[in-house]
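**Student:** what shape does this take:
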Amino acid sequence: MDDLKNMFGKLTKNITKTSSGMLKSVKLSMSLAGEEDKLKSIYSEIGKKVHEIYAYGGTLGAFFDEKYAEILQCEKQIKELKELIEASKGTMLCPNCSKSISDSAVFCPKCGYKMVGADKIVVETPVKPVEEEIPAAPLTPEPRTEPVSKVCSACGHVNSDEDKFCLACGRNL
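**Tutor:** The predicted model follows:
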């Protein structure tokens, strides 16, 4: 009976932890959507004002300076929220191409960009020597059960099939 209580207690803790993480992610996503809506509203206000100014032969001035400052603030908040969302998932955005990648990646697998501070991370994967004897291929190919991956010829790191650059050394795959 005590084992059942302990198991139920652990299960309850895991559910609480998981739901807490999901709630945080939902809150961040809602904040992000709010900031993006706010930015769209500012763009709309600017468009209306520009139309009015040009329709009546006016010039641009302080109104646009204020709106530009608001746009910069919204864009900054949106970037911070996106980074928080990625961090909560254990990922980050490539600063060059905006692809969501593992937070431990040294290089972006899409564009090859070297991550800032990535020189602290060292991935050492031994390169397996090529065996001289190649086994005979089966007459009928067996269905593939493991995911397709690419092994870097320079460092031996195993990368995803969709990666164009090695996560460990940045070489073309």
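**Student:** tell me, what's the model's pLDDT at the spatially most central residue of the chain?
**Tutor:** Centroid-nearest residue in the chain, with Cα atoms, centre = their mean: S100, separated by 2.1 Å. Looking at S100, its pLDDT is 89.
**Student:** same thing with Y43?
**Tutor:** pLDDT, Y43: 91.
**Student:** name the nearest residue to V151, ignoring sequence neighbours.
**Tutor:** Spatial nearest neighbour of V151, chain neighbours left out: V158 (5.5 Å); criterion: Cβ to Cβ, 6 or more residues apart in numbering. Yep, even glycine has a C-beta here, placed from its N, CA and C like the rest.
**Student:** can you count the residues close to the one you found?
**Tutor:** 13 (other Cβ atoms under 10 Å).
**Student:** which ones are touching it?
**Tutor:** 125, 149-152 (Cβ atoms under 8 Å, 6 or more residues apart in numbering).
**Student:** can you show me the strands along this protein?
**Tutor:** Along the chain, counting by DSSP state E, strands occupy 91-93, 100-102, 149-151, 158-160.
**Student:** list the helices and strands the third one packs on?
**Tutor:** This means strand 149-151. Under the contact definition 3 or more Cβ pairs under 8 Å, 6 or more residues apart in numbering; DSSP states H and E, strand 149-151 sits against strand 158-160.
**Student:** list the neighbouring strands of the strand it packs on plus their orientation.
**Tutor:** Applying DSSP bridges, strand 158-160 is found paired with strand 149-151 (antiparallel).
**Student:** check which residues of the partner strand are buried.
**Tutor:** K150 (16 or more other Cβ atoms under 10 Å).
**Student:** now do that strand, average pLDDT.
**Tutor:** 87.
**Student:** coming back round to it: distance-wise, check the residue nearest to V151 relative to T91.
**Tutor:** Distance, V158 to T91, using Cβ to Cβ, to the nearest Å: 18 Å.
**Student:** what is the neighbour count of E70?
**Tutor:** E70: 16 neighbours (other Cβ under 10 Å).
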